[in-house]
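Engineer: coords please:
(chains A and B)
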Number of protein chains: 2
Amino acid sequence: MLPLTFRIVLVEPLHSGNVGSVARVMKNFGFSELVLLNPCELDMRARVMAVHAYDIIENARIEFSLKDALVGSSVIIGTTGLAGTTENEHMRMPALAPRKIKEKLTGKSGVVSLLFGRESDGLRNDELELCSILVNIPTSPDYPSMNLSHAVAVILYELNDITGGENHLADHFDIELLYEHIEEVLADIEYKEHKSNKTQLMLQRILGRAELTGREVQTLRGVLRRIQWKLNRNKEQ
Amino acid sequence: MLPLTFRIVLVEPLHSGNVGSVARVMKNFGFSELVLLNPCELDMRARVMAVHAYDIIENARIEFSLKDALVGSSVIIGTTGLAGTTENEHMRMPALAPRKIKEKLTGKSGVVSLLFGRESDGLRNDELELCSILVNIPTSPDYPSMNLSHAVAVILYELNDITGGENHLADHFDIELLYEHIEEVLADIEYKEHKSNKTQLMLQRILGRAELTGREVQTLRGVLRRIQWKLNRNKEQ
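Structural biologist: Take a look at the predicted model:
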């Protein structure tokens, strides 16, 4: 049986001490794979805050593009301070509570990447678009903005006793190809251009929430190919 | 209906920055009552880490005895890094998971004090003895020791959406009187001295887990008084 593993990806962390704090809480909850995307300089504060978890920082992978950071992932989960308010905000909608994420991933296998944004302003929209699931920690409206390592602590606390299973999740690369294929078909059927982006994003969100297996992705692509074949045939007649 | 409120008590915090981090995560999860027992000097780092929650530190009560810190509490919950292994360690046994604490307090009213120990070595045994319930965050055996503010984050995350209720918990002062009364009765019945301390502690743990109401405490004390009355009468005869 393939395992369910988690990768913690810090996107452009600004404070070295926070990276150390994240390493410590990762080790507290039994996680070890850390990827740092364009990190700040890692000075003594990282070492001081990591205490006995500095090995996690020493073994961290440093990347300069999000695509490289995510390679091999099946599911990409983005953390957001905003839960998404209106039905129209496909980007921010819907963010799930940490416990729901745990429920969704129970019984699955594959690599799950957890993205945490900058201390200053979180993940950017283009980064959130890459995510298949969004997670939001329920906080007080008086002060919703959490310290980076506190957010990591809460989410890893929820996930630390998750049990994987036999449902192997599709590789994110194959899912990206499916999304491109959907985009192609929307163009083929001359879907109204001003709606196209929003619909594309909504479809991605729906499929993202469904935790597709590799086989399901291939079947969906087969359906899309068949639609394109029929469209072409009808045009030729 | 009386409310269920929480008081966060930091016992001899050593690092000013941690006090600030705790204030921030308290405000994130909608908690406001902070008591600092013999704290370190609160310098700029407290302000830097609290960010928009410095009002919690400004309004914090500073105390120099644990008794004063706990005044008015119904339930005192101590956090411990050790879950307690043997049945004989009444002191450390049993520590509940944060979710269990939430279940136990749902539907109750009163003041719940959450005690967090020193960054270096947690709560001392004499402090743990005062607690009616112990809580332990499940962590990896490889590195169980959590950063203070991470521990606060996880526990407040669990408790942040708890719903109180009509079962008003007894004041801890009345429970202390009940415990002293039990001690008296154990002496009255000439309970073997070498067992007495352990039995006393076990009875306190059992009653502590039962979340007694004020009325229940008075009834129990009535039973104890009746035992003492009968013991005296038999002696006189």
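
Engineer: could you check the distance from the residue nearest to A:His172 when sequence neighbours are not counted over to chain B?
Structural biologist: Once flanking residues are discounted, A:His172 sits nearest to A:Ser73: 4.7 Å by CB to CB, 6 or more residues apart in numbering or on different chains. (C-beta placed from N, C-alpha, C; glycine too.) Plainly put, A:Ser73 is 23 Å away from chain B if you go by CB to the nearest CB, to the nearest Å.

Engineer: List the residues that contact A:Ser73.
Structural biologist: Contact analysis of A:Ser73 by CB atoms under 8 Å, 6 or more residues apart in numbering or on different chains lists A:Arg7, A:Gly110, A:Val111, A:Val112, A:Ser113, A:Asp171, A:His172.

Engineer: In space, what's closest to A:Gly20 - neighbours in sequence excluded?
Structural biologist: Here the residue nearest A:Gly20, using CB to CB, 6+ apart, is A:Met49, at 3.0 Å.

Engineer: Tell me where chain A has strands.
Structural biologist: Counting by DSSP state E, chain A has these strands, from start to end: A:4-11, A:33-37, A:61-63, A:75-79, A:95-96, A:108-116, A:133-135, A:167-168.

Engineer: hey, least reliable of those strands by pLDDT?
Structural biologist: Note on the strands of chain A: strand A:167-168 shows the lowest mean pLDDT, a mean of 85.

Engineer: elements contacting that one?
Structural biologist: On a contact count with 3 or more CB pairs under 8 Å, 6 or more residues apart in numbering or on different chains; DSSP states H and E, strand A:167-168 meets strand A:108-116.

Engineer: which of the contacts of A:Ser73 lies closest to chain B?
Structural biologist: Chain B lies nearest to A:Arg7 out of those, by CB to the nearest CB, at 17.1 Å.

Engineer: Could you check how many residues crowd around that closest one?
Structural biologist: By other CB atoms under 10 Å in any protein chain shown, the residues close to A:Arg7 number 20.

Engineer: Surely it is in contact with A:Glu33?
Structural biologist: Yes. A:Arg7 is in contact with A:Glu33 according to CB atoms under 8 Å; the separation is 4.5 Å.

Engineer: Could I get the contacting residues of A:His15?
Structural biologist: Contacts for A:His15 (CB under 8 Å, 6+ apart) come out as A:Cys40, A:Arg45, A:Glu119, A:Leu148.

Engineer: What does the pLDDT read for it?
Structural biologist: At A:His15, pLDDT is 96.

Engineer: and what of A:Ile101?
Structural biologist: Taking A:Ile101 on its own, its pLDDT is 94.

Engineer: mind giving me the domain split of chain A?
Structural biologist: What automatic domain parsing lists as the domains of chain A is A:4-168, A:172-236.

Engineer: any idea which of these is most buried?
Structural biologist: For the domains of chain A, the largest average neighbour count (mean count of other CB atoms under 10 Å in any protein chain shown) is found in domain A:4-168, namely a mean of 19.

Engineer: Figure out how far that one is from the centre of its chain.
Structural biologist: Centroid separation for domain A:4-168 versus its chain: 8 Å, with CA atoms, centre = their mean, to the nearest Å.

Engineer: what does the longest helix anywhere in chain A rub up against?
Structural biologist: In chain A, taking DSSP state H as the definition, the longest helix is helix A:214-236. Helix A:214-236 is contacted by residues A:168-171, A:174-175, A:177-178, A:181-182, A:184-185, A:188-189, A:207, A:210, A:212 when judged by CB under 8 Å, 6+ apart.

Engineer: contacting residues for A:Val154?
Structural biologist: Here A:Val154 is in contact with A:Pro98, A:Ile137, A:Met146, B:Ala153, B:Val154, B:Tyr157 (CB under 8 Å, 6+ apart).

Engineer: residue contacts, the residue nearest to it when sequence neighbours are not counted?
Structural biologist: Distances taken as CB to CB, 6+ apart place B:Tyr157 nearest to A:Val154, at 4.7 Å, with adjacent residues excluded. Applying CB under 8 Å, 6+ apart, we find B:Tyr157 in contact with A:Ile137, A:Val154, A:Tyr157, B:Phe29.

Engineer: Could you work out the most separated pair of those residues?
Structural biologist: A:Tyr157 and B:Phe29 (13.3 Å; CB to CB).

Engineer: Among the contacts of A:His15, show me the least confident.
Structural biologist: Scanning those for pLDDT, the low point is A:Glu119. It has 93.

Engineer: my read: it touches A:His150, true?
Structural biologist: No. Look at A:Glu119 against A:His150 with CB under 8 Å: they stay out of range, at 11.1 Å.

Engineer: So for A:Gln200, what pLDDT did the model give?
Structural biologist: Looking at A:Gln200, the pLDDT reads 89.

Engineer: Could you do A:Asn125 as well?
Structural biologist: Value listed for A:Asn125 in the pLDDT field: 88.

Engineer: So it versus chain B, what's the distance?
Structural biologist: Distance of A:Asn125 to chain B, computed by CB to the nearest CB: 23 Å.

Engineer: Over to A:Pro94?
Structural biologist: For A:Pro94, the distance to chain B equals 18 Å [CB to the nearest CB].

Engineer: Going along the chain, name the helices of chain A.
Structural biologist: Applying DSSP H to chain A gives helices spanning A:16-28, A:44-50, A:54-58, A:66-70, A:98-105, A:125-129, A:148-159, A:172-188, A:193-209, A:214-236.

Engineer: worst average pLDDT in these?
Structural biologist: Looking at the helices of chain A, the bottom one is helix A:193-209 with a mean of 85.

Engineer: Just the CA trace of it, in PDB.
Structural biologist: Extracted in PDB, the C-alpha atoms of helix A:193-209 (Å, rounded to 0.1, in the frame of the first residue of the first chain):
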ATOM      1  CA  GLU A 193     -15.700  34.200 -23.200                       C
ATOM      2  CA  HIS A 194     -16.600  36.500 -20.300                       C
ATOM      3  CA  LYS A 195     -17.900  33.500 -18.400                       C
ATOM      4  CA  SER A 196     -15.200  31.100 -19.400                       C
ATOM      5  CA  ASN A 197     -12.600  31.900 -16.700                       C
ATOM      6  CA  LYS A 198     -15.000  31.800 -13.900                       C
ATOM      7  CA  THR A 199     -16.600  28.500 -15.100                       C
ATOM      8  CA  GLN A 200     -13.100  27.000 -15.600                       C
ATOM      9  CA  LEU A 201     -12.200  27.900 -12.100                       C
ATOM     10  CA  MET A 202     -15.400  26.600 -10.600                       C
ATOM     11  CA  LEU A 203     -14.900  23.300 -12.500                       C
ATOM     12  CA  GLN A 204     -11.400  23.100 -11.100                       C
ATOM     13  CA  ARG A 205     -12.700  23.700  -7.600                       C
ATOM     14  CA  ILE A 206     -15.400  21.000  -7.900                       C
ATOM     15  CA  LEU A 207     -12.900  18.400  -9.300                       C
ATOM     16  CA  GLY A 208     -10.300  19.500  -6.700                       C
ATOM     17  CA  ARG A 209     -12.800  18.700  -3.900                       C
END
